[in-house]
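Engineer: below is the sequence, then the predicted model.
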Amino acid sequence: MEKEHTPLKHLFQQEFSKMVAVISKLFGLQHIEIAEDIVSETFLQATETWGDKGIPPNPTAWLYAVAKQKTLYHFRRNKIFEEKVMPALSAVQETTQEMDALDFSQQNIQDSQLQMLFAICTPAIASEAQIGLALRILCGFGIDEIAEAFLSNKETINKRLFRAKEKLRAENIKMELPPENEIVQRLDNVLHIIYLLFSEGYYSKTSNQTLQKDLCFEALRLGVMLTAYERTNLPQTNALLALMCFHASRFEARETNDDTVILYEQQNEALWDTALINQGMHFLHVAAQGNELSSYHLEASIAYWHCTKEDTPEKWENILQLYNQLLTINYSPSVALNRTFALYKANGAAAAIAEAEKLRLDNNHFYFLLLGELYKHTDPAKAIAHLQTAYTLAKTQTEKQGIREKIEALR
């Protein structure tokens, strides 16, 4: 599934986060906005220079060289380099060559991005702001794109990001991996933000299909980055990657060209991405090493069973039991709702109705959609009433259209 970008747009999304991370690692997170400005100026210069002279043979090296010059000029001009940075560098390394201090080697880029990921995912910042920062600083998304992803506007997003960066400064957050005894606790928060980032794309309300997929693929990239380091290449990391791979494998089958959502039962299995499914199975196998059982393990296992299209008693009984386990370690109304649907597929409508009536999720349109499904064979009038409630509660026209079709089919 190829992304559609101009060469410079693709380079921006690919290199922006790397360059900001490296500059911020050397000069400190208190200068993160300066790092963003320097990298943005570098790309502006690239737009102007390349427009006149053409794209250089090695555009990435060109960007790094220009960013390095702009960075060192800025900090020398403000006396920060000589007074703060170089003394600190001299304490840990012998070289004093300024141009070598800003290291754009592949290893340093990876180290810087990983440290930036942990810095951004500090509990001191609200989850929504963490996602925004991750999109901007780690994924190279523009403010317009972030605003569209959140169905917001540029002013709101800029204010949110500004407050988050101020929090990083006020809390004196460092760009470093947590100590060994804190890595698992902090990793939980990092994985949660990656999970939310993927969900924002997979269940996105935006009409921009490319943006939806980009959000998911960036979440996958961040997860893969964590597996490159022994301390973060843990079972729960691989379990989350498996979950994202399984879900992403059905991208092409989920919607038509006119943005109509295709329900799981109607999806063309031939459009599922078998390479992503196989990758998910690999990550799930790696995640099974050891004794840990996280919610990501259970959700990935559920998603794995959904990669088998055929309805069988074994499939739904396994999914039901996995939901039972998930409820015990990570209860949420949506999990309870999905578990009730699995109960319906495994044991029939009567058993599911008894459980569904206990949930009383009166402001959740998915709840009334489920009730409509459960009653459609035994009490069509009641099913229609529930679907009409679902229609009222649904937030997007695409969802409303799907519910309207269900109502018409019962009349």
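Structural biologist: Nice, I can see it.

Engineer: quick check: mean pLDDT across the helix or strand containing Glu148?
Structural biologist: Using DSSP states H and E, Glu148 falls within helix 143-149. Helix 143-149 comes out with an average pLDDT of 84.

Engineer: buried stuff in that helix?
Structural biologist: Neighbour counts using 16 or more other CB atoms under 10 Å place Ile143, Glu145, Ile146, Ala147, Glu148, Ala149 of helix 143-149 among the buried residues. Quick note: C-beta positions are derived from backbone N, CA and C, even for glycine.

Engineer: downstream of it, the next helix or strand is which one?
Structural biologist: helix 154-170.

Engineer: for that following helix, packing partners?
Structural biologist: helix 32-53, helix 127-133, helix 143-149 (3 or more CB pairs under 8 Å, 6 or more residues apart in numbering; DSSP states H and E).

Engineer: rerun that using 6 Å as the cut-off
Structural biologist: helix 127-133, helix 143-149 (3 or more CB pairs under 6 Å, 6 or more residues apart in numbering; DSSP states H and E).

Engineer: could I get these as a markdown table with distance to Ser17?
Structural biologist: Below are these laid out as a markdown table (distance: least, CB to CB, whole Å):
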| stretch | distance to Ser17 |
| --- | --- |
| helix 127-133 | 11 |
| helix 143-149 | 13 |
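
Engineer: and the buried residues of helix 143-149 as JSON lines, adding distance to Leu63?
Structural biologist: Formatted as JSON lines, the buried residues of helix 143-149 follow (distance: CB to CB, whole Å):
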{"residue": "Ile143", "distance to Leu63": "20"}
{"residue": "Glu145", "distance to Leu63": "20"}
{"residue": "Ile146", "distance to Leu63": "22"}
{"residue": "Ala147", "distance to Leu63": "25"}
{"residue": "Glu148", "distance to Leu63": "26"}
{"residue": "Ala149", "distance to Leu63": "25"}
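
Engineer: relative to Ala288, which of the residues you listed is nearest.
Structural biologist: For the buried residues of helix 143-149, the residue nearest Ala288 by CB to CB is Ala149; the value is 33.1 Å.

Engineer: got a list of what Glu146 touches?
Structural biologist: Careful, residue 146 is Ile; it's not Glu. Applying CB atoms under 6 Å, 6 or more residues apart in numbering to Ile146 gives the contacts Gly132, Leu135, Ile157.

Engineer: one more time with 8 Å
Structural biologist: Gly132, Leu135, Arg136, Ile157 (CB atoms under 8 Å, 6 or more residues apart in numbering).

Engineer: please save the CA atoms from stretch 312-322 in CSV.
Structural biologist: In CSV, the C-alpha atoms belonging to stretch 312-322 read as follows (Å, rounded to 0.1, in the frame of the first residue of the first chain):
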residue,chain,number,x,y,z
THR,A,312,-16.9,-21.9,13.0
PRO,A,313,-17.9,-22.8,16.5
GLU,A,314,-14.2,-23.1,17.4
LYS,A,315,-13.5,-19.5,16.1
TRP,A,316,-16.2,-17.8,18.2
GLU,A,317,-15.7,-20.0,21.3
ASN,A,318,-12.0,-19.0,21.3
ILE,A,319,-12.9,-15.3,20.7
LEU,A,320,-15.5,-15.5,23.6
GLN,A,321,-13.0,-17.0,26.0
LEU,A,322,-10.4,-14.4,25.1
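
Engineer: fine, thanks again, bye for now.
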